[in-house]
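**Student:** task: produce atomic coordinates for the following.
(2 chains)
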Amino acid sequence: MSIAVITFPGSNCDRDCLHVLQNVIGAPARFVFHKETDLGDCTGVLVPGGFSYGDYLRAGALAKISPIMPAIHRFADAGGPVLGICNGFQILCEVGLLPGALMLNRNLRFISRWVDLRVENSDTLFTRHLWQDQIVRMPIAHAEGNFTVEPETIAKIVAKQQIVFKYAGPVREDSPDGNPNGSTLSIAGIVNEAGNVMGMMPHPDRASEAILGSTDGIPIFRAFAEAAQEKSRLEYSY
Amino acid sequence: MKAKVIVKLKEGVLDPQGQAIQQLLAQRGYSQIADVRVGKLVEFELENVTPIEGEAMLAEIADKLLANPIIESYRIESQ
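**Tutor:** The predicted model follows:
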């Protein structure tokens, strides 16, 4: 078993994610290239950040028709744990594994800075090592992080407790409500209804070593790696 | 066959780019411009298809790829 870190042309956090999994968490992980069509023995999928296909058309849009995507779909549909970070979140929304879309930030700018997040649901595969309402700190770096959903969908997301992280500051001139990008309900991360797919705009991969200024990302990677470990490939019928 | 797919943000979806353009235009004296919405225009040249086949193919491509139905709508114009 191993965790697949998917590399698209333009992914630029794939090495960071592989490094955290292998060297910080000690979990087996390997790159899976976008041109591959199956995930081999992998029991977890990490879709990393970056600018897949140059963000052409829309962030994450072209990844939707890449060769590896049907395998990721099958893996997720079979209940396998899938984590998307930043561009990975945008991709998971584009392919329909998560609800909503990530639009241009409210202030039209690329925002690269540290944010505080509140854990809105600590009862997920990915957040079970965090406390409910805990504040965690990690960086964001995106131009399209403005989470947008249709009104009928947002009610469902709230009711099913699919909101995992919300932006919680710092309060600044450009984000008086502590919401840096204009996301609906300050949403920074969500899970799918089944709870096995999570997407988040902030970067736990850039907050998993003390030298980087925060280790708040570690519990997320650890929980994800454990979920991948617990599921042997045999459990999936793909 | 030549065709265009015009992708627009759906009604009711906030368009921060359009707003920024409208505000700048208002500052520059174009006070008659009440609203601006920015979209995308994708031009296609198709070969060996009938117009009906071509339009069907473009609709499929637009549904699958060019427009995100959560925030965008599209229209096909063929010549």
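
**Student:** look at the closest residue to chain A within chain B and tell me its secondary structure.
**Tutor:** In chain B, no residue comes nearer to chain A than residue B:70, which is 4.4 Å away by Cβ to the nearest Cβ. Using the backbone N, CA and C atoms, a C-beta is placed for each residue, glycine as well. Here residue B:70 is recorded as coil under DSSP: H, G, I helix; E, B strand; the rest coil.

**Student:** which residue is the nearest non-sequential neighbour of it?
**Tutor:** Take residue B:70 and drop its neighbours on the chain: the residue closest to it by Cβ to Cβ, 6 or more residues apart in numbering or on different chains is residue A:101, 4.4 Å away.

**Student:** just checking, the one you found touches residue A:145?
**Tutor:** No: counting by Cβ atoms under 8 Å, residue A:101 stays clear of residue A:145, with 11.0 Å between them.

**Student:** okay, now residue 59: neighbour count?
**Tutor:** Went with chain A since none was named. Applying other Cβ atoms under 10 Å in any protein chain shown, we find 27 residues neighbouring residue A:59.

**Student:** that's the other chain; I wanted chain B
**Tutor:** Counted with other Cβ under 10 Å, residues neighbouring residue B:59 total 14.

**Student:** can you pull out the helices in the chain?
**Tutor:** No chain specified, so I'll use chain A. Taking DSSP state H to define them, one finds helices in chain A at A:14-19, A:69-77, A:87-94, A:151-159, A:218-230.

**Student:** the chain in question should be chain B.
**Tutor:** Applying DSSP H to chain B gives helices spanning B:16-27, B:51-61.

**Student:** make JSON lines out of these and add distance to chain A and mean pLDDT.
**Tutor:** Putting those into JSON lines (distance: least, Cβ to the nearest Cβ, whole Å; pLDDT from 0 to 100) gives the following:
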{"stretch": "helix B:16-27", "distance to chain A": "5", "mean pLDDT": "92"}
{"stretch": "helix B:51-61", "distance to chain A": "10", "mean pLDDT": "95"}
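
**Student:** adding distance to residue A:173, write these out as a markdown table.
**Tutor:** Output for the helices of chain B, formatted as a markdown table (distance: least, Cβ to Cβ, whole Å):
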| stretch | distance to residue A:173 |
| --- | --- |
| helix B:16-27 | 17 |
| helix B:51-61 | 43 |
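
**Student:** check contacts around the closest residue to chain B within chain A.
**Tutor:** Closest contact between chain A and chain B, by Cβ to the nearest Cβ, is at residue A:101 (4.4 Å). Residues near residue A:101 by Cβ atoms under 8 Å, 6 or more residues apart in numbering or on different chains: A:93-94, A:147-149, B:68, B:70-71.

**Student:** what do you get for residue A:6?
**Tutor:** Listed by Cβ under 8 Å, 6+ apart, the contact set of residue A:6 reads A:14, A:31-32, A:34, A:45-48, A:68, A:72, A:88.

**Student:** for it, name its beta-bridge partners.
**Tutor:** Residues in a beta bridge with residue A:6, per DSSP bridges, are residue A:32.

**Student:** next one: it from residue A:98, what distance?
**Tutor:** Relative to residue A:98, residue A:6 is positioned 15 Å away (Cβ to Cβ, to the nearest Å).

**Student:** so where's chain B shaky on pLDDT?
**Tutor:** Of all residues in chain B, none has pLDDT under 70.

**Student:** shaky segments in chain A?
**Tutor:** Looking at chain A by pLDDT under 70, you get A:232-238.

**Student:** near chain B, which residues of it are found?
**Tutor:** Residues of chain A lying close to chain B (Cβ under 8 Å from any Cβ of the partner chain) are A:57-58, A:61-62, A:64-65, A:93-94, A:100-101, A:103-108, A:148-150, A:182.

**Student:** format the contacts of residue A:101 as JSON lines; extra columns: distance to residue A:210.
**Tutor:** Formatted as JSON lines, the contacts of residue A:101 follow (distance: Cβ to Cβ, whole Å):
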{"residue": "A:93", "distance to residue A:210": "32"}
{"residue": "A:94", "distance to residue A:210": "34"}
{"residue": "A:147", "distance to residue A:210": "30"}
{"residue": "A:148", "distance to residue A:210": "35"}
{"residue": "A:149", "distance to residue A:210": "36"}
{"residue": "B:68", "distance to residue A:210": "39"}
{"residue": "B:70", "distance to residue A:210": "39"}
{"residue": "B:71", "distance to residue A:210": "39"}
